[in-house]
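[1] how would this look folded up:
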Amino acid sequence: MILVVQRVTDAKVVVNGETIGEINAGAMVLCCAEAHDTADAYPLAQKLLKLRIFSDDQDRMNIGLLDLPDHNLLLVPQFTLAADCRKGNRPSFQNAAPPALGLEIFNGFKAECEKLLGRPVQQGEFGADMKVSLCNDGPATFILKS
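    Residues are numbered from 1 along each chain as shown. Purely as a prediction, here's the structure:
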């Protein structure tokens, strides 16, 4: 699984003109299940939620999302993160999980995040044409892989 984690002041996902997921301060995460992924990718949820990317009193990145009850999480499925661009000019997506497996892994990952956070997690729509907007705070962007 590939995650692109962005610390945000706000973020939202719009599908067909309707906002389907929205958060204020927290993290917006692009999520990609790869062809070899299984439920073994779920421990990455704990890593994500404990990742110390939020500032403490001394303005040092020292606090994780688990320690900030007023911060939220928005998960956005994005299979294009698995693109292989080494050959030619057209990306290959053979490393991405097939849609059914990708959806299963994404839903399981979201459920694990909700269980660990103890609160709902916002999300984009798997397989939809989404318009994602965000204000990256920092900017602070991190890549996690299972």
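
[2] Is the residue lying farthest from the centre of the chain in a helix, a strand, or coil?
    In the chain, counting by Cα atoms, centre = their mean, Gly88 sits farthest out from the average C-alpha position, at 28.3 Å. Judged by DSSP: H, G, I helix; E, B strand; the rest coil, the three-state class of Gly88 is coil.

[3] could you pull out the strands for the chain?
    2-15, 18-23, 26-32, 54-55, 61-63, 72-77, 122-123, 130-145 (DSSP state E).

[4] can I get those in TSV with distance to Leu44 and mean neighbour count?
    Where C-beta positions appear, they are placed from N, C-alpha and C, glycine not excepted. Below are the strands of the chain laid out as TSV (distance: least, Cβ to Cβ, whole Å; neighbours: other Cβ atoms under 10 Å):
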stretch	distance to Leu44	mean neighbour count
strand 2-15	7	20
strand 18-23	20	15
strand 26-32	9	25
strand 54-55	18	18
strand 61-63	19	15
strand 72-77	12	24
strand 122-123	16	20
strand 130-145	6	14
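
[5] Now tabulate those in JSON lines and tack on distance to Ala83 and mean pLDDT.
    JSON lines is the format used below for the strands of the chain (distance: least, Cβ to Cβ, whole Å; pLDDT from 0 to 100):
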{"stretch": "strand 2-15", "distance to Ala83": "10", "mean pLDDT": "98"}
{"stretch": "strand 18-23", "distance to Ala83": "23", "mean pLDDT": "98"}
{"stretch": "strand 26-32", "distance to Ala83": "9", "mean pLDDT": "98"}
{"stretch": "strand 54-55", "distance to Ala83": "30", "mean pLDDT": "96"}
{"stretch": "strand 61-63", "distance to Ala83": "29", "mean pLDDT": "96"}
{"stretch": "strand 72-77", "distance to Ala83": "14", "mean pLDDT": "98"}
{"stretch": "strand 122-123", "distance to Ala83": "22", "mean pLDDT": "98"}
{"stretch": "strand 130-145", "distance to Ala83": "14", "mean pLDDT": "97"}
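
[6] Could you dump those strands into a markdown table with distance to Pro99 added?
    Converted to a markdown table, the strands of the chain look like this (distance: least, Cβ to Cβ, whole Å):
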| stretch | distance to Pro99 |
| --- | --- |
| strand 2-15 | 16 |
| strand 18-23 | 19 |
| strand 26-32 | 12 |
| strand 54-55 | 34 |
| strand 61-63 | 35 |
| strand 72-77 | 10 |
| strand 122-123 | 16 |
| strand 130-145 | 15 |
